[in-house]
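Undergrad: coords please:
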Amino acid sequence: MNGPLDPNVIAAEFLKQNIDSFFDTAKQVAKGANEKIRLKLDRTYQKYLTSLFEKHSKMKSFLLRGEAVPLHDFYIPLNLLLQRKTIEGVNIRDIMKLGTSTVITGSGGSGKTMLVRHLLLDSILTKTRVPIFVELRQLNTFDGDLFALILQTLNSYNFTMDKAYIVKALELGHFVVFLDGYDEVVHNHRHRVKTYILDFVRIYAQNTIVLTSRPDPELEGWQAFTLLKVAPLTLLQADSLVEKLPFDDKLKATFQKNLRAKLFLKHESFLSNPLLLSIMLLSYGQSASIPSKLSVFYNQAYEALFERHDVLKEGFKRQLLTSLDIQDFARLFAVFCLQTYDKKKIEFTQTEALEYIETSQSIVGIQCSKKNYLGDLIQAVCLMLQDGLQIVFAHRSFQEYFAARFICEANSDIQRELISKYSKLSLSDRVFDMLYEMRPEIIEQYYIRPGLDNLFKKIGFKRKLGVLNHERFVRACCSVYYVGTTFSHPIIESSENSSFLDLTFFTLKHCGHLVNRSSVIRKSRGIALARSWNKKVKSNVVMLKKQPTARQFIRELATSDSPLSLSDLKDLFAIRSMLDEKAKKSSRTLESILKNM
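TA: From the prediction side, this is the model:
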């Protein structure tokens with residue numbers, strides 16, 4: 001995309017092609033609609049599309065110290081995966097061809113936000129449909145349903161047509177509705193929000209709906225949606241992204257040379273993620289090595305952000321407003337992140353941010369000007385960004401890393417309490433993953449071992465694991481087992497108020513090596529069983545509490561290679577025994593060290 005884009009001109013071009021359709025809609029709502037109504041439509045859509053384009057055509061980045069730049073100055077076309085098919089350089093027309101409703105999933109930093117903004121802008125530039133952008137996290141506190149939130153969102157962008165017109169336009173399919181961040185909806189609101197979304201899709205089926213989220217097994221069971229996944233960057237895409245990033249040219253050239261030579265192939269899991277690739281470029285001047293642990297990676301990123309010279313001004317280092325050293329600055333931010341993580345807050349007014357800083361200071365006993373500290377977070381270290389009147393994290397993963405860091409450094413009583421409190425989120429974000437990297441023993445002590453004890457008590461285990469124990473295990477973990485033939489791997493829905501499913505997957509993921517399990521999850525696990533039962537029950541689901549054939553399904557599950565097999569249960573038992581022995585050895589070693597001091 002060459003040269004600056006004028007939002008007013010773009011909106012006018014969109015209207016030139018679509019105003020007749022909008023006027024026809026108005027005539028269906030108000031009989032005798034005249035030229036005055038047509039002029040109102042023209043003004044309303046002009047204001048709305050101009051405001052929307054101005055808002056989403058620019059983005060901020062920690063690499064730019066909060067300066068907003070045109071999105072397409074550093075956007076590279078991303079690919080999406082549809083099962084085994086790759087959709088390259090995806091645009092809005094590609095999405096619309098797949099059906100009316102799609103889910104786009106991707107891990108933190110995979111480029112979902114950039115992609116959705118690109119699709120939004122593309123829908124305007126190609127004069128396809130009128131976009132609506134809704135942040136689903138607003139439903140955590142919003143007093144109303146999804147339709148009410150959409151009305152409020154339209155109004156916030158100067159769309160002032162009355163409700164009757166909006167309803168008719170929705171019925172006729174005028175819009176592409178982007179529902180961003182399902183993973184940011186807190187868990188106790190998920191069922192309600194899911195109902196809102198599915199009802200909206202059913203009632204206004206003529207529109208294109210695009211939902212985004214971090215990976216969530218629940219979404220793979222939504223039959224109305226086509227599931228897409230953000231593909232990892234290829235070497236060519238990674239190189240193109242680095243080329244576009246605003247950074248010291250000499251360092252960038254060296255990095256690109258190494259990237260093409262062997263760096264990308266050696267560390268593809270990190271460098272195929274746009275955020276981690278950007279962070280690696282940032283810290284490359286200080287350390288040319290790439291750590292194997294994500295927590296170490298984020299620590300290096302923080303140190304680079306704190307100590308770095310300006311990426312666009314060689315040799316210039318911005319001075320902090322506070323006099324805090326790198327450790328105290330991090331300690332204070334860790335408490336800030338823990339508080340906001342606890343409240344599921346990722347954006348704040350200045351007043352709210354200052355209140356969190358003040359509370360953080362009282363907790364860790366570090367004193368400095370609250371306003372100066374917030375200024376350093378935004379302008380000097382760039383862990384936070386100013387977005388209009390709101391202050392947001394440079395990326396949500398920074399909040400997760402520092403929340404994990406707080407727990408890691410807390411006393412044992414606080415560790416126990418927080419690990420218990422956040423255990424239901426063990427697979428929803430990266431806090432537990434990074435905490436396990438930093439301090440595996442506290443996750444084992446306060447989450448895995450007591451969790452497995454409760455699980456084995458729940459299933460009535462005494463001396464030997466049998467078929468009855470396995471049946472109880474499956475029912476304790478899940479209530480629905482999806483067996484759709486289109487799924488790339490079995491999808492499992494957790495039992496209500498049960499954390500055993502997450503515990504099982506987390507334990508096998510992080511401790512499976514103790515029983516010689518591969519850390520790589522084979523996507524093909526259980527496909528044969530799923531397809532077989534899809535034919536038997538003539539449905540995509542096996543309801544484990546209601547279906548008469550559920551017991552037979554569980555018996556076949558026991559001897560299969562599917563998740564939650566009897567083999568999985570036996571591995572959990574072996575892991576528990578090994579972790580108990582590990583804890584005893586650690587205690588004996590500590591006693592020996594203290595005795596010899």
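Undergrad: any idea which residue sits dead centre in this protein?
TA: Residue closest to the mean C-alpha point of the chain, counted by CA atoms, centre = their mean, is residue 214 at 3.5 Å.
Undergrad: how close does that residue get to residue 90?
TA: Separation of residue 214 from residue 90 (CB to CB, to the nearest Å) stands at 19 Å. All C-beta atoms are positioned from the backbone trio N, CA, C, and that covers glycine.
Undergrad: buried set for stretch 560-575?
TA: By 16 or more other CB atoms under 10 Å, the buried positions in stretch 560-575 come out as 560, 562-569, 571-573, 575.
Undergrad: contact partners of that stretch?
TA: 448, 452, 455-456, 461, 465, 467, 469-470, 473-474, 477-478, 490, 492, 504-505, 507-508, 511-512, 514-515, 517, 525-526, 528-530, 557-559 (CB atoms under 8 Å, 6 or more residues apart in numbering).
Undergrad: Restrict those to the buried ones and give me that as a PyMOL selection.
TA: To isolate the buried ones among these in PyMOL, judged by 16+ other CB under 10 Å, type:
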select buried, resi 448+452+455+456+461+465+469+470+473+474+477+478+490+492+504+505+507+508+511+512+514+515+517+525+526+529+530+557+558
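Undergrad: Mark which of the contacts of stretch 560-575 are part of strands, please.
TA: If you go by DSSP state E, those have 478, 492 in strands.
Undergrad: where are the low-confidence patches of the stretch 351-500 of the chain?
TA: Counting by pLDDT under 70, the ranges of the stretch 351-500 of the chain that qualify are 483-491, 493-498.
Undergrad: same thing with the chain?
TA: Along the chain, the parts satisfying pLDDT under 70 run over 1-3, 62-67, 285-289, 308-318, 483-491, 493-498, 518-527, 588-597.
Undergrad: and residue 176, what are its bridge partners?
TA: Counting by DSSP bridges, residue 176 is bridged to residue 131, residue 208.
Undergrad: which residues touch it?
TA: Residue 176 makes contact with 92, 96, 119-120, 123, 128-132, 207-210, according to CB under 8 Å, 6+ apart.
Undergrad: likewise residue 204?
TA: Taking CB under 8 Å, 6+ apart, we find residue 204 in contact with 170-171, 173.
Undergrad: Ok, residue 46 next?
TA: Going by CB under 8 Å, 6+ apart, residue 46 touches 8, 11-12, 15.
Undergrad: so where does it fall, helix or strand?
TA: Using DSSP states H and E, the element containing residue 46 is helix 35-56.
Undergrad: Ok, residue 551 next?
TA: Element membership for residue 551, per DSSP H and E: helix 550-558.
Undergrad: Okay, angle between the next helix or strand after that helix and helix 550-558 too, please.
TA: Following helix 550-558 in sequence order, the next helix or strand is helix 566-595 (DSSP H and E). Between the axes of helix 566-595 and helix 550-558, defined by axes from the mean of the first three to the mean of the last three CA atoms, to 10 degrees, the angle is 60 degrees.
Undergrad: From residue 323, how far out is residue 378?
TA: 18 Å.
Undergrad: In the helix holding residue 46, which of the residues would be classed as buried?
TA: If you call a residue buried by 16+ other CB under 10 Å, then helix 35-56 has these buried ones: 37-38, 41-42, 44-53, 55-56.
Undergrad: Most neighbours out of the contacts of residue 46, which is it?
TA: In terms of neighbour count, residue 11 stands highest of those at 22 neighbours, by other CB atoms under 10 Å.
Undergrad: burial measure for residue 259, as a count.
TA: Residue 259, neighbours per other CB under 10 Å, totals 22.
Undergrad: hang on, the earlier thing: in the helix holding residue 551, what's buried?
TA: 550, 553-554, 557-558.
Undergrad: and those residues as TSV, adding distance to residue 194?
TA: Shown next, in TSV, are the buried residues of helix 550-558 (distance: CB to CB, whole Å):
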residue	distance to residue 194
550	23
553	25
554	26
557	26
558	31
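Undergrad: ok, those residues vs residue 354, which is closest?
TA: Ranked by distance to residue 354 (CB to CB), those are led by residue 557 at 53.3 Å.
Undergrad: OK, contacts around that closest one?
TA: 474, 481, 529, 564-565.
Undergrad: Show me which of the buried residues of stretch 560-575 is closest to residue 402.
TA: Of all the buried residues of stretch 560-575, residue 402 sits closest to residue 575, with 29.3 Å by CB to CB.
Undergrad: how much space between the closest one and residue 582?
TA: From residue 575 to residue 582 the distance is 10 Å (CB to CB).
Undergrad: Check residue 120 too.
TA: Counting by CB to CB - residue 120 and residue 582 are separated by 50 Å.
Undergrad: What of residue 111?
TA: Look at residue 111 and residue 582: by CB to CB, they are 39 Å apart.
Undergrad: try residue 19
TA: In terms of CB to CB, residue 19 sits 70 Å off from residue 582.
Undergrad: What of residue 563?
TA: 25 Å.
Undergrad: do residue 211 as well
TA: Taking CB to CB, one finds residue 211 at 42 Å from residue 582.
Undergrad: neighbour count winner among those two?
TA: For residue 211 versus residue 582, the count of surrounding residues by other CB under 10 Å is larger for residue 211: 24 against 16.
Undergrad: Counting by contacts, list what the host helix or strand of that one packs against.
TA: Using DSSP H and E, the element containing residue 211 is strand 208-213. Packing partners of strand 208-213 (3 or more CB pairs under 8 Å, 6 or more residues apart in numbering; DSSP states H and E): helix 92-97, strand 101-105, helix 112-125, strand 175-180, helix 187-203.
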